[in-house]
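In: Fold the following and give me the result.
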Amino acid sequence: MVSYMDYTSPSTQFFFDANNSNLFKKDDQNYINVVGIKQLNTLENVSLLDIYLSRNNVVEPHYHQNAAELVYCISGAATVSLLNPFTKQIQNYPLKQGQVANVPQGWWHYEVANSDNTHLLAIFDAPTPEVVLGSDILKLTPANIMAHTYCMDENQWKKAVAPVQPATFIGPPANCQRSTEEETQQHQQQQPQHHQQQQSQFPQQQYPQYINQYDNQVYPAAYNHQIPANPQYYYY
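Out: Purely as a prediction, here's the structure:
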């Protein structure tokens, strides 16, 4: 209990409907609702994201600079992947109903649905979790800085990141086009994961396609989204 909260005040909130607090919506099967101190003012160091995903949809790579994240699978199945900054390896944790994965504060991570009707609950040890999105890093870092720092051709870098839009949140984008033949070949290559698998810190990529390491799905990037007013980070 916090000392500065007047629990006798008529403005004190003890109930909130997360269905009325949408953070991001791609479509009716893929969206994120949020509950933090802005929605429920009696919360202390806790908040949550209520995440709904259909198969192969991705909560884009990101990190939370002010909070750890505990991901609980309510229904469906998903893989939580994180980059361990100490081992320099990607660690994948397939989740089914009732299973959890923990992402320490500041660790790069993403979640991908392995089945339709996947429902995840992400719980944070902060009243308002902050986030830095991979799409923002790719799109908003000046091209000349990226090219100079990593000894790349600036025009090639610009072309590579051109399809990326800030604040993607859930990918692939709704207007992403993939051939039926490509999808069939990739589904045949899928291998179920029952244990933690560690990947190289340098996963193979063929931009502008996103290759997701645990199931070999390939996602071209293209999405029209308005750049937010404050794109560097987000307060839910």
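In: CA atoms for contacts and neighbours, from now on please.
Out: Fine.
In: Walk me through which strands the strand or helix carrying Val132 pairs with, and which way each runs.
Out: Per DSSP states H and E: Val132 is located in strand 130-133. Sheet pairing here is set by DSSP bridges, and for strand 130-133 it gives strand 58-63 (antiparallel), strand 234-235 (antiparallel).
In: residue ranges for the helices of the chain, please.
Out: With DSSP state H as the criterion, the chain has helices at 134-140, 143-150, 154-161, 180-189.
In: so who does Val46 touch?
Out: Applying Cα atoms under 8 Å, 6 or more residues apart in numbering to Val46 gives the contacts 36, 123-128.
In: give me the beta-bridge partners of the residue positioned nearest the centre of the chain?
Out: Closest to where the C-alpha atoms of the chain average out (Cα atoms, centre = their mean) is Val59, at 2.9 Å. Taking DSSP bridges as the rule, Val59 bridges to Glu111, Ile170.
In: Now do the contacts for it.
Out: 110-112, 169-171.
In: for Gln65, same thing?
Out: With contact set as Cα under 8 Å, 6+ apart, Gln65 has these partners: 105-106, 130-132.
In: mind redoing it with 7 Å?
Out: Neighbouring residues of Gln65 by Cα atoms under 7 Å, 6 or more residues apart in numbering: 105-106, 130-131.
In: Over to Glu44?
Out: When contacts are counted by Cα under 7 Å, 6+ apart, Glu44 touches Pro127.
In: Also the one 10 residues further on?
Out: Shown in contact with Ser54 (Cα under 7 Å, 6+ apart): 29-30, 113, 115-118.
In: For it, which non-adjacent residue is closest in space?
Out: Sequence neighbours aside, Asp116 is the residue nearest to Ser54 in space, at 4.1 Å (criterion: Cα to Cα, 6 or more residues apart in numbering).
In: Give me the buried subset of the contacts of Gln65.
Out: Those of the contacts of Gln65 that meet the buried threshold are 106, 130-131, by 16 or more other Cα atoms under 10 Å.
In: Out of those residues, the closest to Phe15 would be?
Out: Glu130 (22.6 Å; Cα to Cα).
In: Next one: that closest one from Pro166, what distance?
Out: For Glu130, the distance to Pro166 equals 16 Å [Cα to Cα, to the nearest Å].
In: ok, now Leu23?
Out: 15 Å.
In: out of the two, which sits in the more crowded spot?
Out: Comparing Leu23 with Pro166 by neighbour count (other Cα atoms under 10 Å), the higher total belongs to Pro166, at 21 against 15.
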